[in-house]
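A predicted structure for the sequence below; I have some questions about it.
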Amino acid sequence: MKTNASTVMVNGEEQELSGALLLAEFLSTIGLRPDAARGVAVALNDEVVRREAWDTTQIRPGDRIEIVTAKQGG
């Protein structure tokens, strides 16, 4: 699947990207507050990004982001 130059793929779906952002900023724009995101793991282009690096990790158009959230229950 070819992506638009101003989008990223998030869990397999295109999302608009307004310029190069930091991962933490992008997560906030999609409703995940990084300071309150417990049980969340993020991979950028198939590499897990440690939570400490979210504030400094750049994302660019065409990147692939996978977000996994732990759920409680059974």
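Received, thanks.

give me the low-pLDDT residue ranges for the chain?
Along the chain, segments meeting pLDDT under 70 span 1-5, 19-20, 73-74.

which residues in it form strands?
Using DSSP state E, the strands found in the chain span residues 7-10, 13-16, 21-22, 40-44, 47-49, 58-59, 64-69.

mind putting these in TSV, mean neighbour count and distance to residue 29 included?
The way it works is simple: take the backbone N, C-alpha and C, and place the C-beta from them, glycine included. Listed next are the strands of the chain as TSV, based on neighbours: other C-beta atoms under 10 Å; distance: least, C-beta to C-beta, whole Å:
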stretch	mean neighbour count	distance to residue 29
strand 7-10	18	11
strand 13-16	11	9
strand 21-22	16	8
strand 40-44	17	14
strand 47-49	12	16
strand 58-59	16	11
strand 64-69	14	12
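
any chance of these in JSON lines, with distance to residue 31 too?
Formatted as JSON lines, these follow (distance: least, C-beta to C-beta, whole Å):
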{"stretch": "strand 7-10", "distance to residue 31": "12"}
{"stretch": "strand 13-16", "distance to residue 31": "12"}
{"stretch": "strand 21-22", "distance to residue 31": "15"}
{"stretch": "strand 40-44", "distance to residue 31": "11"}
{"stretch": "strand 47-49", "distance to residue 31": "18"}
{"stretch": "strand 58-59", "distance to residue 31": "16"}
{"stretch": "strand 64-69", "distance to residue 31": "11"}
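
of these, which is nearest residue 34?
strand 40-44 (8.4 Å; C-beta to C-beta).

who does that closest one pair up with?
Its sheet considered, strand 40-44 pairs with strand 47-49 (antiparallel), strand 64-69 (antiparallel) by DSSP bridges.
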